[in-house]
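> let me see the structure of the following:
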Amino acid sequence: MQTAKLAVSALALTVAATGAFAQARDQVQVAGSSTVLPYATIVAEAFGENFDFKTPVVQSGGSGAGIQQFCQGAGLDTIDIANASRKMKDSEVKTCHDNGVTDIMYVRIGYDGIVFASDIAGKSFAFTPEDWFKALAAEVPVDGKLVANPYKSWNEINPEFPDQPILAFIPGTKHGTREVFEEKVIADGCKEAGAADLFKAAGNDKGCTALRTDGVAVDIDGDYTETLARIGSDKNGIGVFGLSFFENNTDKLQVATMSGVTPSTETIASGEYPVSRPLQFYVKKAHIGEVAGLKEFVEFFVSDDMAGANGPLAQYGLVSDPELAETQTAVADEQVMN
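Okay, here's the model as predicted:
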């Protein structure tokens, strides 16, 4: 991953230099979302090149795992920032509070889309959420009744699809992308298929998002590079990716439309593409002043130079937040979640 050395303002450099002393830890620690990982890595590398602080350590592991680490405690032996491709759950906030992590800063960096991509030499697809529900749900409606999913080929889902075995590589349950996928694709598809009412009548409130376990839906616990490798080894596979990863692998992958819309930064920014989500991270306010460069790193992350419409994150695929200025003010003021 290459990052150009940025022309950071003299004021920013002066602030950075004067903050690099007397802290209890001299390097920012970050973990979490594999979707946010490349953006955080770009910022961390540029921060290390342009500021008088050590380059932050950025690790992946998934949104859930990162938040779990974040909420372990407020001590300096815990991470400072948790990257996330979904919002923190109420139960996670409670765990944080129970463990002494009470002042949490929420920082939105922009938006991303969830896309459905397959081998570049394969057949093209035009999906709807209903297609994905019928393909992957453990139970589907047939003649008004719920039955174990019988479908084996995509042309059984939609006769306009190719006669290609259903094989989907989807994010594992520790990834925030999985929750968004279930909510905005599988659950919406369940409603479109008329199955939601059947599950409700059966007293099964989780039926819509229960996925088949016969090898058709394959959980990927690693990052998107693992999903790409799986498609490389089985050309029938269709993977769930973040838009930015797809856009950086268009020599290997082709993307499907969703509900008639092609995913792009433009269609996500306009709200036209239906499967998009905010990307964010969480910061321990208590670590500001204790960890050298922490606040400076957060401010740099959401600066116009990095997260703006013409910055390197947008060039990599992040959809710039139209309310970025508000986020910058909130970070400067160290505002915490209610």
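
> what about the closest residue to residue 163 other than its chain neighbours, which SS state?
Excluding its sequence neighbours, the residue lying closest to residue 163 (Cβ to Cβ, 6 or more residues apart in numbering) is residue 155, at 4.7 Å. Glycine gets a C-beta too; all of them are placed from N, C-alpha and C. Here residue 155 is recorded as helix under DSSP: H, G, I helix; E, B strand; the rest coil.

> measure how buried residue 155 is and give me the count.
14 (other Cβ atoms under 10 Å).

> that one is in contact with residue 162, isn't it?
Yes: at 6.3 Å, residue 155 counts as touching residue 162 under the criterion of Cβ atoms under 8 Å.

> now do the helices in the stretch 151-300 of the chain.
In the stretch 151-300 of the chain, the helices defined using DSSP state H, counting those that start in this stretch lie at 154-157, 176-181, 187-192, 195-201, 224-233, 243-247, 265-269, 294-301.

> show me the strands in this protein, by range?
29-32, 57-61, 81-84, 104-119, 126-127, 139-142, 145-148, 168-171, 217-220, 238-242, 253-255, 257-258, 276-284 (DSSP state E).

> for the ones you listed, give me CSV that also has mean neighbour count and mean pLDDT.
As requested, the strands of the chain are arranged in CSV below (neighbours: other Cβ atoms under 10 Å; pLDDT from 0 to 100):
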stretch, mean neighbour count, mean pLDDT
strand 29-32, 26, 98
strand 57-61, 19, 95
strand 81-84, 28, 98
strand 104-119, 23, 96
strand 126-127, 18, 98
strand 139-142, 18, 97
strand 145-148, 12, 96
strand 168-171, 24, 97
strand 217-220, 18, 97
strand 238-242, 26, 95
strand 253-255, 20, 98
strand 257-258, 21, 98
strand 276-284, 24, 95
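
> just to revisit the earlier point, format the helices of the stretch 151-300 of the chain as TSV; extra columns: mean pLDDT and distance to residue 98.
Shown next, in TSV, are the helices of the stretch 151-300 of the chain (pLDDT from 0 to 100; distance: least, Cβ to Cβ, whole Å):
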stretch	mean pLDDT	distance to residue 98
helix 154-157	98	45
helix 176-181	90	22
helix 187-192	97	30
helix 195-201	96	33
helix 224-233	97	33
helix 243-247	91	35
helix 265-269	90	36
helix 294-301	98	23
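
> ok, now which ones touch the residue nearest to residue 163?
Applying Cβ atoms under 8 Å, 6 or more residues apart in numbering to residue 155 gives the contacts 161, 162, 163, 164.

> distance check, the closest residue to the first one other than its chain neighbours against residue 216.
To tie it back to what came earlier, the one meant is residue 161. Leaving aside its sequence neighbours, residue 161 sits nearest to residue 154 (Cβ to Cβ, 6+ apart; 3.9 Å). Between residue 154 and residue 216 the distance is 11 Å, computed by Cβ to Cβ, to the nearest Å.
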